[in-house]
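S.K.: Attaching a predicted model along with its sequence, questions to come.
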Amino acid sequence: MRTKVLSAIAAGLLLLSACGQGDESEDSTTPPPSVAAQDAKSTSLDDITVDGKMGKKPKVSFEAPLVMDKTEKKVLEEGTGDKVADGEQVTAQMTLVSGTTGKTVESSYDSDSAAGFPMDKSQISEDLYNALIDVKVGSRVMMSLNGSAQQGEASQTLVYVIDIEDTKKPLTRAEGEKADQSDNPVTVKWADDGAPSISKPKGKKPTELESYTTIEGKGDEVKKGQSVAVKYSGWLWDDTSKTFDSNWKKDGEPFVVAPVGEAQVIDGWNEGLVGKKVGDQVVLVVPPDKGYGKQGKDSIPGNSTLIFVVDILSAQG
């Protein structure tokens, strides 16, 4: 069974909580560890030993507690693949170790799902970005970071061992053969840059989630637990004259749904994206119980039926 990538990442140590739509923080510093520096028995990445081959869960050992003032990185083993570049989607196995106890907190090797994330400072921490940029696929990287391993816990020095498995330039829009839309409740049209617009819906509002593929991609199938990057626009069924949300704006970054199937998004997305293919463009017609329910959200009234056009750009993990 696939699991969430790493709870510490999901808590915001490495991935930003704004899902790529917020402003990058000007202060990337992390809180100091709760263990005093004078009590430290290890103070550098050079004090840490990492055993085991790439592709296997590493054994990390040092004399605890480890206390480091600043974030550091070290390439333990250099791979021979392509260099990780800005804007690419990285797949990596990640192991997190407590500096206070020296014990492994969590490792993606213990599940069947590697971590997937974009090399984009608006979506991941600058520390993670700087640790991996220009590093070759197949490399094993170690980095330290001060923060809480779990939400609510005291800050400490944490050690990440990152095995880079792959890096890919993501699609910028759906790619594939256009499908027949004659039986769909809305017709999608596209601007030159791929941004979608839709017609007024026909027929009655559905009471169950419906999905329609308008562009048939040729990529891999999206599986539950993966990190999925998308471009999207959303409309109210009752008013398709304007979007209530879209990341097709100028310089808009892909939105990352992770882990899909259990992500912090509406049920219509978690259910509607699994099983589709990379490169697909999908229309999701979402009834209120799979959307924002009776309460609504922001400009979305309660009990609204929603229409989303979603381009699936990548799926990793």
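M.R.: Noted; the coordinates are in hand. Since the structure is predicted, the reported quantities are computational estimates derived from the model, not experimental observations. Numbering: from 1, shown residues only.
S.K.: can we go C-alpha only for contacts and neighbour counts from here?
M.R.: Fine.
S.K.: how about the helices of this structure, start to end?
M.R.: For the chain, helices defined by DSSP state H occupy the ranges 7-10, 126-132, 267-273.
S.K.: So for S44, which of these sits nearest?
M.R.: Proximity of the helices of the chain to S44 was assessed by CA to CA; the nearest stretch is helix 126-132, lying at 15.9 Å.
S.K.: Which positions in that closest one come out as buried?
M.R.: Using 16 or more other CA atoms under 10 Å as the burial criterion, the residues of helix 126-132 that qualify are 126-129, 131-132.
S.K.: What lies in contact with that helix?
M.R.: With contacts defined as CA atoms under 8 Å, 6 or more residues apart in numbering, helix 126-132 is touched by 14, 28, 71, 73, 84, 119-121, 141, 143, 145.
S.K.: Now pLDDT too, for the residues you listed, in JSON lines please.
M.R.: Putting those into JSON lines (pLDDT from 0 to 100) gives the following:
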{"residue": "L14", "pLDDT": "71"}
{"residue": "S28", "pLDDT": "43"}
{"residue": "T71", "pLDDT": "93"}
{"residue": "K73", "pLDDT": "97"}
{"residue": "V84", "pLDDT": "97"}
{"residue": "M119", "pLDDT": "89"}
{"residue": "D120", "pLDDT": "87"}
{"residue": "K121", "pLDDT": "86"}
{"residue": "V141", "pLDDT": "98"}
{"residue": "M143", "pLDDT": "96"}
{"residue": "L145", "pLDDT": "91"}
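S.K.: and which of the residues you listed is nearest K168?
M.R.: Here the nearest of these to K168, counting by CA to CA, is V84; it sits at 8.3 Å.
S.K.: Check what pLDDT the nearest residue to the closest one once chain neighbours are set aside gets.
M.R.: Nearest residue to V84, sequence neighbours excluded (CA to CA, 6 or more residues apart in numbering): D134, at 4.9 Å. With respect to pLDDT, D134 scores 98.
S.K.: For K57, which residues are in contact?
M.R.: Contacts here follow CA under 8 Å, 6+ apart; on that basis K57 touches 95, 107, 109-110.
S.K.: which of those sit farthest apart?
M.R.: T95 and D110 (9.3 Å).
S.K.: Would you agree G87 is in contact with F117?
M.R.: No. With contacts defined as CA atoms under 8 Å, G87 does not count as touching F117, sitting 10.0 Å away.
S.K.: Looking at those two, which one has more neighbours?
M.R.: Between G87 and F117, counted using other CA atoms under 10 Å, F117 has the larger neighbour count: 25 against 16.
S.K.: give me the beta-bridge partners of that one?
M.R.: Applying DSSP bridges to F117 yields these beta-bridge partners: V90.
S.K.: now it: how far from A315?
M.R.: If you measure F117 against A315 using CA to CA, to the nearest Å, the figure is 10 Å.
S.K.: Find the residues that touch each one of those two.
M.R.: Jointly contacting F117 and A315 under the rule CA under 8 Å, 6+ apart are S227.
S.K.: and stretch 224-244, which residues are buried?
M.R.: Neighbour-count burial for stretch 224-244 flags 224-237, 240 (criterion: 16+ other CA under 10 Å).
S.K.: low-confidence ranges in the stretch 201-317 of the chain?
M.R.: Residues of the stretch 201-317 of the chain meeting the criterion pLDDT under 70: 250-251, 317.
S.K.: Just give me the neighbour total for the nearest residue to V285 once chain neighbours are set aside.
M.R.: The spatially closest residue to V285, leaving aside those adjacent along the chain, is I307, at 4.6 Å (CA to CA, 6+ apart). Counted with other CA under 10 Å, residues neighbouring I307 total 25.
S.K.: right, and I307 touches L236 too?
M.R.: Yes. Under the criterion of CA under 8 Å, I307 lies in contact with L236, with a separation of 6.2 Å.
S.K.: Of the contacts of helix 126-132, grab the buried ones for ChimeraX.
M.R.: For selection in ChimeraX, the members of the contacts of helix 126-132 meeting the burial criterion (16+ other CA under 10 Å) are listed in this command:
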select :14,71,73,84,119,120,121,141,143,145
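S.K.: Tell me which two of the contacts of helix 126-132 sit farthest apart.
M.R.: Largest separation among these by CA to CA: S28 and V84, giving 21.5 Å.
S.K.: are any of the contacts of K57 buried, and which?
M.R.: Of all these considered here, the ones buried according to neighbour count by 16+ other CA under 10 Å are 95, 107, 109.
S.K.: how much space between the residue nearest to V285 and T240?
M.R.: When I307 is compared with T240 (using CA to CA), they lie 9 Å apart.
S.K.: what about S299, how many residues close to it?
M.R.: Using other CA under 10 Å as the criterion, S299 is surrounded by 9 other residues.
S.K.: got it, and the one 5 residues further on?
M.R.: By the other CA under 10 Å criterion, the neighbourhood of S304 contains 23 residues.
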